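Engineer: Next input, structure requested:
(chains A and B)
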Amino acid sequence: MANHSQFGFQDASSPIMEELVEFHDHALMVALAICSLVLYLLMLMLMEKLSSNTVDAQEVELIWTILPAIVLVLLALPSLQILYMMDEIDEPDLTLKAIGHQWYWTYEYTDFKDLSFDSYMIPTTELPLGHFRLLEVDHRVVIPMESPIRIIVTADDVLHSWAVPTLGVKTDAIPGRLNQTSFITTRPGIFYGQCSEICGANHSFMPIVIESTPLNFFETWSSSLSS
Amino acid sequence: SFKLLGFLDVGSVPCARESVLYGSLGSFVVGLGHFLATSRVRRSCDFAVGGFICTMLGYWFYCRYNLAQHRIRQRMLKEGMRNKILFEGSSLDPERKQTGNERSDS
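Structural biologist: A predicted model of the protein is given here:
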(Lines give C-alpha, C1' and ligand atoms only; values in the text may rest on other atoms or scores of the structure.)
Protein backbone atom coordinates (compact mmCIF):
# COMPACT_ATOMS: atom_id res chain seq x y z
CA MET A 1 0.00 0.00 0.00
CA ALA A 2 1.04 3.61 -0.35
CA ASN A 3 2.67 5.47 2.52
CA HIS A 4 1.36 8.88 3.51
CA SER A 5 2.35 11.60 1.03
CA GLN A 6 3.80 9.00 -1.31
CA PHE A 7 4.31 10.40 -4.79
CA GLY A 8 5.89 7.55 -6.72
CA PHE A 9 4.86 4.00 -7.51
CA GLN A 10 4.47 1.34 -4.88
CA ASP A 11 7.05 -1.46 -4.94
CA ALA A 12 6.27 -3.88 -7.73
CA SER A 13 4.83 -7.28 -6.86
CA SER A 14 4.40 -8.62 -10.37
CA PRO A 15 6.75 -8.87 -13.35
CA ILE A 16 4.64 -6.49 -15.45
CA MET A 17 4.73 -3.83 -12.76
CA GLU A 18 8.50 -4.23 -12.52
CA GLU A 19 8.72 -3.56 -16.25
CA LEU A 20 6.39 -0.57 -15.94
CA VAL A 21 8.51 0.94 -13.17
CA GLU A 22 11.65 0.44 -15.28
CA PHE A 23 9.99 2.11 -18.25
CA HIS A 24 8.81 4.97 -16.07
CA ASP A 25 12.39 5.56 -14.86
CA HIS A 26 13.59 5.46 -18.47
CA ALA A 27 10.92 7.97 -19.55
CA LEU A 28 11.83 10.28 -16.67
CA MET A 29 15.48 10.24 -17.68
CA VAL A 30 14.54 11.17 -21.25
CA ALA A 31 12.28 13.90 -19.81
CA LEU A 32 15.19 15.19 -17.71
CA ALA A 33 17.38 15.44 -20.79
CA ILE A 34 14.69 17.31 -22.71
CA CYS A 35 13.94 19.64 -19.79
CA SER A 36 17.64 20.43 -19.39
CA LEU A 37 17.87 21.35 -23.07
CA VAL A 38 14.70 23.47 -22.96
CA LEU A 39 15.82 25.27 -19.80
CA TYR A 40 19.16 26.07 -21.38
CA LEU A 41 17.50 27.36 -24.56
CA LEU A 42 15.11 29.49 -22.51
CA MET A 43 18.06 31.03 -20.65
CA LEU A 44 19.78 31.75 -23.95
CA MET A 45 16.69 33.41 -25.36
CA LEU A 46 16.41 35.63 -22.29
CA MET A 47 19.95 36.90 -22.84
CA GLU A 48 19.63 37.24 -26.60
CA LYS A 49 18.78 40.43 -28.44
CA LEU A 50 15.64 40.28 -30.57
CA SER A 51 16.34 39.99 -34.26
CA SER A 52 14.25 39.83 -37.41
CA ASN A 53 17.08 39.00 -39.78
CA THR A 54 16.38 35.28 -40.01
CA VAL A 55 15.34 34.23 -43.50
CA ASP A 56 15.63 30.47 -43.36
CA ALA A 57 17.04 27.99 -40.86
CA GLN A 58 17.60 24.71 -42.65
CA GLU A 59 20.04 23.29 -40.11
CA VAL A 60 17.99 23.98 -37.02
CA GLU A 61 14.84 22.72 -38.73
CA LEU A 62 16.65 19.50 -39.52
CA ILE A 63 17.77 19.18 -35.90
CA TRP A 64 14.37 19.82 -34.41
CA THR A 65 12.80 17.24 -36.72
CA ILE A 66 15.33 14.46 -36.25
CA LEU A 67 15.87 14.83 -32.49
CA PRO A 68 12.17 14.49 -31.55
CA ALA A 69 11.91 11.50 -33.89
CA ILE A 70 14.80 9.86 -32.04
CA VAL A 71 13.19 10.67 -28.69
CA LEU A 72 9.90 9.16 -29.84
CA VAL A 73 11.64 5.98 -30.92
CA LEU A 74 13.46 5.78 -27.56
CA LEU A 75 10.11 5.97 -25.77
CA ALA A 76 7.95 3.97 -28.17
CA LEU A 77 10.05 0.80 -28.40
CA PRO A 78 10.05 -0.17 -24.71
CA SER A 79 6.47 1.02 -24.40
CA LEU A 80 5.28 -1.28 -27.17
CA GLN A 81 7.30 -4.14 -25.75
CA ILE A 82 5.51 -3.81 -22.42
CA LEU A 83 2.16 -3.33 -24.11
CA TYR A 84 2.47 -6.65 -25.93
CA MET A 85 3.88 -8.30 -22.82
CA MET A 86 0.74 -7.28 -20.92
CA ASP A 87 -1.42 -9.00 -23.52
CA GLU A 88 0.36 -12.33 -23.26
CA ILE A 89 -1.79 -14.95 -21.60
CA ASP A 90 0.14 -17.81 -20.02
CA GLU A 91 -2.22 -20.64 -19.27
CA PRO A 92 -3.62 -19.45 -15.96
CA ASP A 93 -3.63 -21.76 -12.98
CA LEU A 94 -6.67 -20.07 -11.51
CA THR A 95 -9.54 -18.03 -12.89
CA LEU A 96 -11.26 -15.62 -10.59
CA LYS A 97 -14.29 -13.43 -11.15
CA ALA A 98 -14.59 -9.99 -9.59
CA ILE A 99 -18.02 -8.40 -9.74
CA GLY A 100 -18.45 -4.79 -8.72
CA HIS A 101 -21.52 -3.66 -6.85
CA GLN A 102 -22.49 -0.49 -5.09
CA TRP A 103 -20.43 -0.57 -2.90
CA TYR A 104 -18.60 -3.86 -2.47
CA TRP A 105 -16.93 -6.56 -4.54
CA THR A 106 -18.03 -10.15 -5.03
CA TYR A 107 -15.42 -12.76 -5.84
CA GLU A 108 -16.13 -16.14 -7.37
CA TYR A 109 -13.75 -19.08 -7.57
CA THR A 110 -15.53 -21.51 -9.86
CA ASP A 111 -12.65 -23.55 -11.29
CA PHE A 112 -13.01 -26.51 -8.97
CA LYS A 113 -15.82 -25.74 -6.57
CA ASP A 114 -18.42 -23.01 -6.49
CA LEU A 115 -16.86 -20.59 -4.03
CA SER A 116 -18.24 -17.12 -3.79
CA PHE A 117 -18.07 -14.36 -1.20
CA ASP A 118 -18.63 -10.64 -0.81
CA SER A 119 -15.88 -8.29 0.22
CA TYR A 120 -16.98 -5.24 2.18
CA MET A 121 -14.77 -2.54 3.60
CA ILE A 122 -14.33 -2.69 7.36
CA PRO A 123 -15.71 0.59 8.75
CA THR A 124 -13.28 2.74 10.71
CA THR A 125 -15.29 2.32 13.89
CA GLU A 126 -14.82 -1.46 13.74
CA LEU A 127 -11.20 -1.43 12.58
CA PRO A 128 -8.78 -3.32 14.84
CA LEU A 129 -5.76 -1.39 16.11
CA GLY A 130 -2.93 -1.21 13.59
CA HIS A 131 -5.04 -1.95 10.54
CA PHE A 132 -5.30 0.42 7.61
CA ARG A 133 -8.19 2.86 7.49
CA LEU A 134 -10.45 2.61 4.40
CA LEU A 135 -8.35 -0.25 3.01
CA GLU A 136 -9.18 -3.34 5.04
CA VAL A 137 -11.96 -5.70 4.04
CA ASP A 138 -13.82 -8.46 5.80
CA HIS A 139 -12.95 -11.12 3.19
CA ARG A 140 -9.72 -10.91 1.24
CA VAL A 141 -9.03 -12.36 -2.18
CA VAL A 142 -6.60 -15.19 -1.50
CA ILE A 143 -4.48 -16.37 -4.40
CA PRO A 144 -1.49 -18.68 -4.75
CA MET A 145 1.77 -16.83 -5.26
CA GLU A 146 3.95 -17.25 -8.37
CA SER A 147 1.01 -18.70 -10.32
CA PRO A 148 -0.61 -17.06 -13.34
CA ILE A 149 -4.02 -15.82 -12.27
CA ARG A 150 -6.76 -14.72 -14.64
CA ILE A 151 -9.30 -12.22 -13.34
CA ILE A 152 -12.58 -11.63 -15.14
CA VAL A 153 -14.04 -8.32 -14.07
CA THR A 154 -17.56 -7.15 -14.48
CA ALA A 155 -20.14 -5.10 -12.64
CA ASP A 156 -23.68 -5.54 -11.52
CA ASP A 157 -25.00 -2.00 -11.55
CA VAL A 158 -22.76 0.93 -12.53
CA LEU A 159 -19.18 1.30 -13.74
CA HIS A 160 -16.45 0.30 -11.31
CA SER A 161 -12.78 -0.44 -11.78
CA TRP A 162 -10.73 -3.18 -10.16
CA ALA A 163 -7.28 -1.80 -9.48
CA VAL A 164 -4.26 -3.00 -7.50
CA PRO A 165 -1.31 -0.64 -8.09
CA THR A 166 1.44 -2.89 -6.82
CA LEU A 167 0.46 -5.58 -9.34
CA GLY A 168 0.08 -3.09 -12.18
CA VAL A 169 -3.54 -4.07 -12.68
CA LYS A 170 -6.47 -1.80 -13.42
CA THR A 171 -9.50 -3.18 -15.23
CA ASP A 172 -12.82 -1.50 -15.75
CA ALA A 173 -15.88 -3.29 -14.44
CA ILE A 174 -18.65 -2.61 -16.93
CA PRO A 175 -22.18 -3.99 -16.55
CA GLY A 176 -22.95 -6.51 -19.26
CA ARG A 177 -19.30 -6.92 -20.27
CA LEU A 178 -16.53 -9.27 -19.16
CA ASN A 179 -13.05 -7.78 -19.07
CA GLN A 180 -10.11 -10.08 -18.58
CA THR A 181 -6.73 -9.42 -17.10
CA SER A 182 -3.99 -11.63 -15.74
CA PHE A 183 -1.04 -11.30 -13.43
CA ILE A 184 1.51 -13.26 -11.40
CA THR A 185 2.49 -12.25 -7.88
CA THR A 186 6.22 -12.63 -7.39
CA ARG A 187 6.10 -12.69 -3.60
CA PRO A 188 3.70 -13.46 -0.75
CA GLY A 189 2.00 -10.55 0.91
CA ILE A 190 -1.11 -8.45 1.19
CA PHE A 191 -1.75 -6.03 -1.64
CA TYR A 192 -4.25 -3.21 -1.46
CA GLY A 193 -6.22 -1.41 -4.11
CA GLN A 194 -9.27 0.78 -4.43
CA CYS A 195 -12.17 1.16 -6.82
CA SER A 196 -10.96 3.39 -9.64
CA GLU A 197 -14.13 4.46 -11.40
CA ILE A 198 -16.59 6.87 -9.83
CA CYS A 199 -19.59 4.83 -8.82
CA GLY A 200 -21.61 6.78 -6.31
CA ALA A 201 -21.51 7.99 -2.76
CA ASN A 202 -19.28 5.24 -1.41
CA HIS A 203 -16.92 4.95 -4.36
CA SER A 204 -13.95 5.58 -2.04
CA PHE A 205 -15.10 2.91 0.38
CA MET A 206 -14.96 -0.31 -1.61
CA PRO A 207 -11.33 -1.40 -1.46
CA ILE A 208 -9.68 -4.51 -2.87
CA VAL A 209 -7.33 -6.62 -0.80
CA ILE A 210 -5.35 -9.49 -2.30
CA GLU A 211 -3.59 -11.98 -0.07
CA SER A 212 -0.88 -13.88 -1.94
CA THR A 213 0.15 -17.06 -0.17
CA PRO A 214 2.04 -20.27 -0.94
CA LEU A 215 -0.07 -22.90 -2.65
CA ASN A 216 -0.56 -25.11 0.40
CA PHE A 217 -2.01 -22.21 2.39
CA PHE A 218 -4.27 -21.33 -0.52
CA GLU A 219 -5.54 -24.91 -0.64
CA THR A 220 -6.20 -24.87 3.10
CA TRP A 221 -8.08 -21.59 2.78
CA SER A 222 -10.23 -22.76 -0.15
CA SER A 223 -11.06 -26.00 1.67
CA SER A 224 -12.11 -24.04 4.75
CA LEU A 225 -14.23 -21.75 2.63
CA SER A 226 -16.01 -24.55 0.82
CA SER A 227 -16.73 -26.39 4.05
CA SER B 1 13.95 12.84 -0.89
CA PHE B 2 15.77 15.07 -3.34
CA LYS B 3 14.21 15.23 -6.80
CA LEU B 4 16.21 16.71 -9.65
CA LEU B 5 14.14 19.38 -11.43
CA GLY B 6 11.35 18.39 -9.07
CA PHE B 7 10.57 15.01 -10.59
CA LEU B 8 13.57 12.67 -10.86
CA ASP B 9 14.32 10.95 -7.56
CA VAL B 10 18.02 10.31 -8.18
CA GLY B 11 18.38 8.55 -4.85
CA SER B 12 15.97 5.71 -5.46
CA VAL B 13 16.10 5.21 -9.25
CA PRO B 14 18.90 2.76 -10.13
CA CYS B 15 21.61 4.31 -12.36
CA ALA B 16 20.10 7.82 -12.12
CA ARG B 17 22.63 9.24 -9.69
CA GLU B 18 25.61 7.94 -11.65
CA SER B 19 24.10 9.13 -14.93
CA VAL B 20 23.64 12.67 -13.65
CA LEU B 21 27.11 12.75 -12.08
CA TYR B 22 28.84 11.36 -15.15
CA GLY B 23 26.75 13.74 -17.26
CA SER B 24 27.95 16.68 -15.18
CA LEU B 25 31.54 15.51 -15.50
CA GLY B 26 31.17 15.03 -19.24
CA SER B 27 29.57 18.43 -19.56
CA PHE B 28 32.46 20.07 -17.69
CA VAL B 29 35.10 18.24 -19.68
CA VAL B 30 33.54 18.94 -23.08
CA GLY B 31 32.72 22.56 -22.26
CA LEU B 32 36.12 23.32 -20.80
CA GLY B 33 37.92 21.46 -23.56
CA HIS B 34 36.07 23.38 -26.24
CA PHE B 35 36.72 26.69 -24.52
CA LEU B 36 40.42 25.96 -24.13
CA ALA B 37 40.58 25.04 -27.80
CA THR B 38 38.52 27.88 -29.23
CA SER B 39 38.11 30.57 -26.53
CA ARG B 40 34.47 30.91 -27.53
CA VAL B 41 32.33 31.13 -24.42
CA ARG B 42 28.89 30.91 -25.93
CA ARG B 43 29.68 27.97 -28.17
CA SER B 44 31.47 26.21 -25.29
CA CYS B 45 28.33 26.48 -23.19
CA ASP B 46 26.34 24.94 -26.02
CA PHE B 47 28.81 22.09 -26.18
CA ALA B 48 28.69 21.70 -22.41
CA VAL B 49 24.92 21.26 -22.45
CA GLY B 50 25.16 18.88 -25.37
CA GLY B 51 27.89 16.96 -23.58
CA PHE B 52 25.76 16.74 -20.46
CA ILE B 53 22.81 15.29 -22.34
CA CYS B 54 24.86 12.87 -24.43
CA THR B 55 27.00 11.62 -21.53
CA MET B 56 24.04 11.30 -19.21
CA LEU B 57 21.91 9.38 -21.68
CA GLY B 58 24.87 7.32 -22.88
CA TYR B 59 25.76 6.15 -19.37
CA TRP B 60 22.06 5.64 -18.58
CA PHE B 61 21.58 3.18 -21.44
CA TYR B 62 24.80 1.37 -20.62
CA CYS B 63 23.92 1.09 -16.93
CA ARG B 64 20.30 0.03 -17.53
CA TYR B 65 21.40 -2.62 -20.02
CA ASN B 66 23.80 -4.08 -17.44
CA LEU B 67 21.10 -3.86 -14.79
CA ALA B 68 18.64 -5.73 -17.01
CA GLN B 69 21.20 -8.48 -17.64
CA HIS B 70 21.87 -8.65 -13.89
CA ARG B 71 18.17 -9.03 -13.16
CA ILE B 72 17.84 -11.80 -15.73
CA ARG B 73 20.76 -13.64 -14.14
CA GLN B 74 19.14 -13.16 -10.71
CA ARG B 75 15.92 -14.69 -11.96
CA MET B 76 17.75 -17.64 -13.52
CA LEU B 77 19.67 -18.15 -10.29
CA LYS B 78 16.49 -18.03 -8.23
CA GLU B 79 14.80 -20.51 -10.55
CA GLY B 80 17.86 -22.76 -10.47
CA MET B 81 18.02 -22.71 -6.68
CA ARG B 82 14.35 -23.58 -6.43
CA ASN B 83 14.70 -26.42 -8.94
CA LYS B 84 17.74 -27.75 -7.08
CA ILE B 85 15.77 -27.87 -3.85
CA LEU B 86 12.80 -29.49 -5.57
CA PHE B 87 14.63 -32.11 -7.59
CA GLU B 88 17.69 -32.90 -5.46
CA GLY B 89 18.01 -36.64 -5.02
CA SER B 90 15.13 -37.43 -7.35
CA SER B 91 15.29 -39.02 -10.79
CA LEU B 92 15.06 -35.56 -12.36
CA ASP B 93 18.19 -34.28 -10.60
CA PRO B 94 20.63 -33.32 -13.41
CA GLU B 95 23.63 -33.80 -11.10
CA ARG B 96 22.54 -37.36 -10.44
CA LYS B 97 22.19 -38.07 -14.16
CA GLN B 98 25.66 -36.64 -14.75
CA THR B 99 27.19 -38.84 -12.03
CA GLY B 100 25.37 -41.85 -13.48
CA ASN B 101 26.84 -41.16 -16.95
CA GLU B 102 30.37 -40.86 -15.53
CA ARG B 103 30.01 -44.22 -13.79
CA SER B 104 28.75 -45.91 -16.92
CA ASP B 105 31.64 -44.43 -18.95
CA SER B 106 34.22 -45.79 -16.47
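
Engineer: From now on I want contacts and neighbour counts done on CA atoms only, so please keep to that.
Structural biologist: OK.

Engineer: So chain A: which segments form each domain?
Structural biologist: Annotated domains of chain A cover A:15-87, A:94-225 [the TED database].

Engineer: Name the residues of chain B found near chain A, please.
Structural biologist: Applying Cα under 8 Å from any Cα of the partner chain, one finds that chain B approaches chain A through B:Leu5, B:Phe7, B:Leu8, B:Val13, B:Ala16, B:Val49, B:Ile53, B:Met56, B:Leu57.

Engineer: give me phi/psi at the fifth one?
Structural biologist: Taking degrees, to the nearest 10, you get phi -70, psi -50 for the backbone angles of B:Ala16.

Engineer: Residue for residue, what is the longest helix chain B has?
Structural biologist: Criterion DSSP state H: the longest helix present in chain B is helix B:41-87.

Engineer: And the helices in chain A, which stretches?
Structural biologist: Going by DSSP H, chain A shows helices at A:15-47, A:58-86, A:215-226.

Engineer: The residue nearest the centre of chain A: what's it in contact with?
Structural biologist: Nearest to the geometric centre of chain A sits A:Gly168, at 3.1 Å (Cα atoms, centre = their mean). The contact partners of A:Gly168, taken as Cα atoms under 8 Å, 6 or more residues apart in numbering or on different chains, are A:Ala12, A:Ser14, A:Ile16, A:Met17, A:Leu20.

Engineer: tell me the contacts of the second one?
Structural biologist: Yep, that's A:Ser14 we're talking about. For A:Ser14, the contact set (Cα under 8 Å, 6+ apart) comprises A:Thr166, A:Leu167, A:Gly168, A:Phe183, A:Ile184, A:Thr185, A:Thr186.

Engineer: Which of those are buried? Put it as a ChimeraX command.
Structural biologist: In ChimeraX, this line selects whichever of the contacts of A:Ser14 come out buried by 16 or more other Cα atoms under 10 Å in any protein chain shown:
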select /A:166,167,168,183,184,185
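
Engineer: farthest pair in the contacts of A:Ser14?
Structural biologist: Spanning the widest gap among those are A:Gly168 and A:Thr186, at 12.3 Å by Cα to Cα.

Engineer: I'd guessed A:Leu167 sits against A:Phe183; true?
Structural biologist: Yes. The pair A:Leu167 / A:Phe183 is scored as a contact, 7.2 Å apart, by Cα atoms under 8 Å.

Engineer: any low-confidence regions in chain B?
Structural biologist: With pLDDT under 70 as the threshold, chain B has low-confidence stretches at B:1-2, B:97-106.

Engineer: Just the closest residue of chain A to chain B, please.
Structural biologist: Across chain A, no residue is closer to chain B than A:Ala33, which sits at 5.7 Å (Cα to the nearest Cα).

Engineer: Spatially nearest residue to that residue, not counting backbone neighbours?
Structural biologist: Once flanking residues are discounted, A:Ala33 sits nearest to B:Ile53: 5.7 Å by Cα to Cα, 6 or more residues apart in numbering or on different chains.

Engineer: With distance to B:Gly33 as new columns, can the helices of chain A be given to me in JSON lines?
Structural biologist: Below are the helices of chain A laid out as JSON lines (distance: least, Cα to Cα, whole Å):
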{"stretch": "helix A:15-47", "distance to B:Gly33": "19"}
{"stretch": "helix A:58-86", "distance to B:Gly33": "24"}
{"stretch": "helix A:215-226", "distance to B:Gly33": "62"}
